[in-house]
Each structure stands twice: as C-alpha cells, then as structure tokens.
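Trainee: What shape does this take:
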Amino acid sequence: MKNTFLLFIYAILFTTLLGSCKKSDKNAANEDPTPEFLRTGWILQIANNVARTYDFPQIQAAGQRTVEIRAWQYIGTLGWQSNQQFTASYQATSNQVFITSATGYQEIWDILSIEPTRLLISLNGQQTYIYNCNEPGWPVLIRSSVRGCR
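Mentor: Predicted coordinates for the structure are as follows:
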C-alpha cells in the first residue's frame, strides 16, 4: 500500500513537471523575437526641418513584422507636416535591421552602438544617430503620431 501511494505521488509529480516543461517550451517558441531596442519608436533627423519616424511596435501582418514609416517636414507657419506614410516589413537582430516594402523601398541599419536614448547606425554608408522618440524635446505632433512614443 505504501509503495503504491509513493508510486502515485511520483506519477503526479512527474506529470506536473512534464506539463510545466512543455508550457515553458511553448512560451519560448512563441516569444517575440524583436530585439528589445526596437520595442519603441525612433526618429531620424535628416535636416533641421526634415525627419523620419519609425514605429516598430506594430501588429504582425501576413506573418511578417511591420514598421510604420513617416516622413516629416517643417513648413513655415504650418509647422510639422507628415508628407509620406507607409508600412514596411522588417527583420532584425541585435546587429542589423533590414527594412523593405512592397514598393521596393529598402533600408539596412548596421547597429554600431545601442544607448538608452539613441542608436548609432550605419545607414547608406554613413554613420548617423537615430533617436528614441520617448525623450523630451521632439515635437508633440510627431511624438503623439508614433504608438511606440506614447
């Protein structure tokens, strides 16, 4: 009787442990592969009156991760205006972000350094900083348009 009871306890323990292992394997397989630094919005300042925003926290579409890209321009008394907006798919590792759209638009970011408020990237052979839009100082209109900045 004592051996049967112990065998029963071991069976329950084994089943419980096996079930929890399967659950953690399932969670690991479904884990979002997006690098942590892309879980926010980013701003690339091209000139004093021109910027581009990248909103990576997007919904997965057709099995691909998407990023919303907007081009911004400061126009005299009108202020900041978005003159282009499109969605592209991306693939990312901790060293590189590859962005491509159905229209043929393509960008490759080679990540040179990751800082809390900015990334140093190589874009089209030029080293440039791209800034975290959660930081104060960026126009409110731009920050409020990017989900990753809210």
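Trainee: Quick check: residue 94 touching residue 111?
Mentor: Yes. With contact defined as Cβ atoms under 8 Å, residue 94 counts as touching residue 111 (6.9 Å). (C-beta placed from N, C-alpha, C; glycine too.)
Trainee: Between those two, which has more neighbouring residues?
Mentor: residue 111 (18 against 11; other Cβ atoms under 10 Å).
Trainee: what helix or strand does that one sit in?
Mentor: If you go by DSSP states H and E, residue 111 is part of strand 106-114.
Trainee: Please name every helix or strand in contact with that strand.
Mentor: On a contact count with 3 or more Cβ pairs under 8 Å, 6 or more residues apart in numbering; DSSP states H and E, strand 106-114 meets strand 96-100, strand 118-123.
Trainee: who's in contact with the longest one?
Mentor: Read that as strand 118-123. Strand 118-123 is contacted from outside by 37, 42, 44, 107-113, 127-132, using Cβ atoms under 8 Å, 6 or more residues apart in numbering.
Trainee: tally of neighbours for residue 38?
Mentor: 21.
Trainee: How much space separates it from residue 48?
Mentor: Spatial separation of residue 38 from residue 48 under the definition Cβ to Cβ, to the nearest Å is 26 Å.
Trainee: mind listing what's buried in the helix or strand where residue 142 lies?
Mentor: In this assignment (DSSP H and E), residue 142 forms part of helix 140-145. By neighbour count on 16 or more other Cβ atoms under 10 Å, the buried set for helix 140-145 is 142, 143, 145.
Trainee: In a markdown table, list those along with pLDDT and distance to residue 89.
Mentor: Formatted as a markdown table, the buried residues of helix 140-145 follow (pLDDT from 0 to 100; distance: Cβ to Cβ, whole Å):
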| residue | pLDDT | distance to residue 89 |
| --- | --- | --- |
| 142 | 91 | 23 |
| 143 | 90 | 24 |
| 145 | 90 | 20 |
